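K.L.:
Pasting a predicted model and its sequence here:
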Amino acid sequence: MTTTATAAVLRNGDGKFELEEIELGPLASDELLVKVVGAGMCHTDLHILNPDLVEQMGPIILGHEGSGIVEEVGSAVRGIEVGDHVLISYDSCGHCRNCRSGIPSYCDEFMPRNVTGRRPDLSTSAVDQNGLPLANRWFGQSSFATHAIATERNLVVVDKALPLELLGPLGCGLQTGAGSVLNEMKLAAGQSIAVFGAGGVGLAAVMAAKAAGARDIVVVDLVDARLETALEVGATRTVRGDTPDLVEAIKNGGRGLDFSFETTAVASVITTAIKVLDMPGKAVLVGGGVAKIEIEPMLLTGRTVTYALEGSSIPQVFLPQLVDLWQRGWFPFDKLVQTYPLEQINQAVEDALSGKTIKPVLTPAQH
């Protein structure tokens, strides 16, 4: 069976989405159809607004932080039923060594399942009005649409009493920020962290660090309004990124920080994120980009640098934990959210790129 849906389709290099009527399905045995209620906009989506990438990937439906209601279930699905309220996160295979070891964010098939916009075999499950294929499995979901197809592996069932529209953005950016602190760093009470970049990912790290009991949470950014928001959600102090002698300003006369979290993918900022560490110390990088860094090996003395995917999180375990923290008032991500109807997606992109909105959330169900 196929489903008629409305989707925001990206077709060319001008970075503009066009709303189109599409056909989704039929479902594969492990797939489910979800009516999308909320869809967060992440900078990973914005990276694709590039002529070369659009030409390479073809017409594509983006969106990878969805929430919604299950409307149809494939024949092999056992743990999720029609009518369930779900969050949609990244996809994983479930059978490789890393998935079986409990680290699905490092799944052997992570790249083909999440960043091609297609199934692992490179097929799609959507066509446009001319019957031509559309890439509709961006991070296993493509949730910038009224309906999305996902798998049992990337869905997380949540209580139907929760505000489903609000919870959409938990599936990637906020999970990445908070998970990097709680899962990858395992930051403990009394430790310290410097966060570079006060967007949604960075501020999720700030909130998680506060919830974990960090004594010093330093946020570095160039936008004063974002630095103010950082203080509102848990930062103990802020430093503008153009401050002279930035490393010493961040250290503030101390030995250095236990952890640093780098979201910008700017080479000079990555180097700074390493320099501000104490010994021992750990820098976690998550920014999407192709920057290359050159550092003296001695700079790594007693220090660890890693790149984390999805906050090293298991969505079915970690997303309910974030919901619980939010309910307790310890993860106030709702302060970052601004909602937009699906037809205002291009305005949401503009506001995200300008910094006006930290975390845009589209509401396709209202279309």
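P.N.:
Perfect, thanks for sending it. It should be emphasised that the depicted structure is a prediction, and the values quoted were computed from it without experimental measurement.
K.L.:
Would you check that residue 141 makes contact with residue 168?
P.N.:
No. At 10.8 Å, residue 141 does not count as touching residue 168 under the criterion of C-beta atoms under 8 Å. (Glycine included, C-beta is placed from N, CA and C.)
K.L.:
Quickly list what's touching both of these two.
P.N.:
Taking C-beta atoms under 8 Å, 6 or more residues apart in numbering as the criterion, residue 141 and residue 168 both touch residue 66.
K.L.:
tell me which residues in the worst-scoring helix or strand of the chain on mean pLDDT are buried?
P.N.:
When the helices and strands of the chain are compared on mean pLDDT, DSSP states H and E, helix 51-57 comes out lowest with a mean of 80. Judged by neighbour count using 16 or more other C-beta atoms under 10 Å, the buried positions of helix 51-57 are 54, 57.
K.L.:
888 is where my numbering starts, stick with that
P.N.:
Shifting the count to begin at 888 puts that one at helix 938-944.
K.L.:
which helices and strands does that helix pack with?
P.N.:
For helix 938-944, not one helix or strand is in contact under the criterion 3 or more C-beta pairs under 8 Å, 6 or more residues apart in numbering; DSSP states H and E.
K.L.:
just checking, what packs against the next helix-or-strand element following it?
P.N.:
Using DSSP states H and E, the helix or strand that directly follows helix 938-944 along the chain is strand 947-948. With contacts taken as 3+ C-beta pairs under 8 Å, 6+ apart, strand 947-948 sits against strand 890-897.
K.L.:
what's the nearest residue to residue 1205 if we skip its chain neighbours?
P.N.:
residue 1066 (5.8 Å; C-beta to C-beta, 6 or more residues apart in numbering).
K.L.:
Which strand or helix spans the one you found?
P.N.:
Here residue 1066 is assigned to helix 1060-1066, by DSSP H and E.
K.L.:
do residue 1092 as well
P.N.:
Short version, using DSSP H and E: residue 1092 is in helix 1087-1099.
K.L.:
thinking again about what came up before, list the contacts of the helix holding residue 1066.
P.N.:
927, 929-931, 952, 976, 1086-1095, 1148, 1150, 1173, 1195-1200, 1202, 1205-1206, 1209, 1218, 1220, 1246.
K.L.:
looking at this, residue 923 is in a helix?
P.N.:
No. Per DSSP: H, G, I helix; E, B strand; the rest coil, residue 923 lies outside any helix segment and is strand.
K.L.:
Could you measure from it over to residue 1218?
P.N.:
Distance of residue 923 to residue 1218, given as C-beta to C-beta, to the nearest Å: 23 Å.
K.L.:
Residue 992 against residue 1196, yeah?
P.N.:
Yes. The criterion here is C-beta under 8 Å, and residue 992 meets it with residue 1196 at 4.5 Å.
K.L.:
who has more neighbours, these two?
P.N.:
residue 992 (25 against 20; other C-beta atoms under 10 Å).
K.L.:
quick one, phi/psi of the more buried one?
P.N.:
phi -70, psi -10 (degrees, to the nearest 10).
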